[in-house]
Each structure stands twice: as C-alpha cells, then as structure tokens.
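Q: Fold the stuff below for me.
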Amino acid sequence: MKTLIREKRIEMDMTQEELSKKLKVSRQTIISLEKGKYKPSLILAHKLAQTFNCAIEELFIFEGDENIE
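A: Presented below is the predicted three-dimensional model:
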C-alpha cells in the first residue's frame with residue numbers, strides 16, 4: 001500500500017512531529033505510515049483524512065493483491 005500522507009503533510013507545511021502530536025501517535029508511527037510499512041486503523045485513517053481535509057481514499061493507494069478483483 002502506498003500513501004500520500006507525506007505529500008499532504010508537506011503541502012500543509014507540517015512536520016512529522018506536529019502531525020504525530022495532533023493525532024496523538026508517535027513520530028515513528030508517522031514515519032511508518034509515510035513509508036507504507038504500517039496499515040492504520042480505520043479510526044487513525046479517518047483522523048488523517050480529517051486533518052488533511054480529504055477522503056480516506058485520497059490518502060491510501062492499494063496495489064496488487066490488496067485490490068478486489
């Protein structure tokens with residue numbers, strides 16, 4: 001799974017630390033999310049979408065076997 005979290009965060013001129021504090025998660029969680037190594041809970045995905053004022057689908061790009069065929 002690819003994410004656009006880093007791009008959205010940079011667009012908002014926000015650091016990883018600022019985003020982590022806003023979402024009440026560790027900076028390491030933000031790093032893992034941005035690298036696509038961590039799949040967030042639905043609640044965290046929703047909070048991210050609210051923070052960036054977009055739909056959840058705009059933040060996460062599913063690839064390969066993650067898609068329903």
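Q: and the closest residue to M12 other than its chain neighbours, how many neighbours does it have?
A: Among residues not flanking M12 along the chain, F52 sits closest, at 6.9 Å (CB to CB, 6 or more residues apart in numbering). The C-beta positions use only the backbone N, C-alpha and C, and glycine is treated the same way. Number of residues near F52 (other CB atoms under 10 Å) recorded here: 20.
Q: Contact partners for F52?
A: By CB atoms under 8 Å, 6 or more residues apart in numbering, the contact list for F52 reads I5, K8, R9, M12, E58, L59.
Q: Please apply the same query to F60.
A: By CB under 8 Å, 6+ apart, the contact set of F60 is M1, K2, T3, L4, A45.
Q: swap in I5?
A: By CB under 8 Å, 6+ apart, I5 lies in contact with I30, L33, E34, L48, F52, L59.
Q: wait, isn't I61 in contact with E7?
A: No. Here I61 does not reach E7: they are 11.3 Å apart, not a contact under CB atoms under 8 Å.
Q: Of all the residues in the helix or strand hosting K47, which ones are buried?
A: Element membership of K47, judged by DSSP states H and E, is helix 42-52. Judged by neighbour count (16 or more other CB atoms under 10 Å), helix 42-52 contains these buried residues: L44, A45, K47, L48, A49, T51, F52.
Q: Let's have the residues you listed in a markdown table, adding pLDDT and distance to Q16.
A: Shown next, in a markdown table, are the buried residues of helix 42-52 (pLDDT from 0 to 100; distance: CB to CB, whole Å):
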| residue | pLDDT | distance to Q16 |
| --- | --- | --- |
| L44 | 97 | 15 |
| A45 | 96 | 17 |
| K47 | 97 | 15 |
| L48 | 97 | 13 |
| A49 | 97 | 18 |
| T51 | 97 | 13 |
| F52 | 97 | 14 |
